[in-house]
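J.: What shape does this take:
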Amino acid sequence: MPAVSIVIPMHNAEKSIARTLSCFQNQSFADFEVIVCNDRSNDLSVEIVRSFCASDERFALYDSLLAGAGAARNFGLAKTHGKYIFFFDADDIADAEFLAAFVQAFEKYDADVVISSSKEQEEQSRAVKHAKPFSEGVTCKTIVAQALLLSQMALFATTVAFRRSLLVDEEIRFMEDVSSFEDLPFWLESILSAKRVAFILGSHATYIKHPDQSTRSLTVVAEEFESEIKAIQSMQKRIDHCCSNKKIAESLRDQLDLILTNVGEPHAFVKQLEYLLRTADFDGYAALLNSSFGAHVLASGASRELLKYRHESWFKILLLKHCRCVFEWYYKRHK
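T.: Numbers count the residues shown, from 1 in each chain. So this is what the prediction gives:
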């Protein structure tokens, strides 16, 4: 049996999958298996992976039975044999010491979860961001969990690995009924359920951040808010199961309640905007923007959830629609 299993969900990744798989062929630690879970790809990515499987028995390709990244990762997890589990994206890259650094940390600290420093790269600009929130060694898992909830630490598939027995014994799985944020409850539950969480300062892999392709709509943004709400609610349900300390569990629930409020308000605001624009209810649109609720959302800290989209095309279109709506509303009232 291999010491390490790497699960890679794949959807139309013909431009990147060969580079990602080649990263593992070049690892200094060679005792691994790579499980690629195809999620309805209709490009050449399947043929590319098959060529790797034909030449290297450590690579395997499966068709995921359900759609979505969460379902593909769960499907791949069920196929793993390794003592340590990694989840990798089909476009991320790793250096030759990636697996060796994590395996060494697992064995040195007898850890259930190992987290590395993060390295994030913008696909177009090639700008790289580094983050080193903790010091080397065993880390207080409660502090890590709180940092994750407060967005003081970003976890990517490239920055965290797990002891397989932890995931199996605690039945920890990714959410499958959301379009995004499916990994957040998984990270949190794994960290809180672990006996030891260790941190390594080295950053041996890079998460590739893709620019938005200017196809976002209010509907898509509303779905993202809804997915985040579902993820938070899922974490709330699992807190007591994975956190035996009642005071800590209560503190984490309070944090989740606050996050839920901050996410829920802009979500409701976007949903109402979407409906009013779709139905051309200009009076309703103008009233919403001028209402106390609209003013509260736009003036509160929750507005950051909206403002982070200010460079997206849908947000610019929204502003244009807003100008048109206000003009038509004014014209109707004063003609």
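J.: Mind checking the pLDDT average for the helix or strand containing Phe52?
T.: Using DSSP states H and E, Phe52 maps to helix 45-55. What helix 45-55 shows for mean pLDDT is 96.
J.: Could you list the paired strands of the following helix or strand past that helix along with their orientation?
T.: Next helix or strand after helix 45-55 toward the C-terminus (DSSP H and E): strand 59-63. Here strand 59-63 is paired, per DSSP bridges, with strand 32-38 (parallel).
J.: The partner strand vs helix 45-55, what angle?
T.: Compare the direction of strand 32-38 with that of helix 45-55 by axes from the mean of the first three to the mean of the last three CA atoms, to 10 degrees and you get 150 degrees.
J.: what helices or strands is the helix holding Phe52 leaning on?
T.: In terms of contacts (3 or more CB pairs under 8 Å, 6 or more residues apart in numbering; DSSP states H and E), helix 45-55 is packed against helix 17-25, strand 32-38, strand 59-63. Using the backbone N, CA and C atoms, a C-beta is placed for each residue, glycine as well.
J.: Need the winner for burial among those.
T.: Stretch with highest mean neighbour count among the helices and strands packed on helix 45-55: strand 32-38 (a mean of 24; mean count of other CB atoms under 10 Å).
J.: Please, where are all the strands along the stretch 1-150 of the chain?
T.: 4-10, 32-38, 59-63, 84-87, 93-94, 113-116, 118-122, 128-131, 137-139 (DSSP state E, counting those that start in this stretch).
J.: which of these sits most buried?
T.: When the strands of the stretch 1-150 of the chain are scored by mean count of other CB under 10 Å, the highest mean neighbour count falls to strand 4-10 (a mean of 27).
J.: Next, format the helices and strands packed on helix 45-55 as JSON lines and append distance to Glu107 and mean pLDDT.
T.: Below are the helices and strands packed on helix 45-55 laid out as JSON lines (distance: least, CB to CB, whole Å; pLDDT from 0 to 100):
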{"stretch": "helix 17-25", "distance to Glu107": "20", "mean pLDDT": "95"}
{"stretch": "strand 32-38", "distance to Glu107": "15", "mean pLDDT": "96"}
{"stretch": "strand 59-63", "distance to Glu107": "25", "mean pLDDT": "95"}
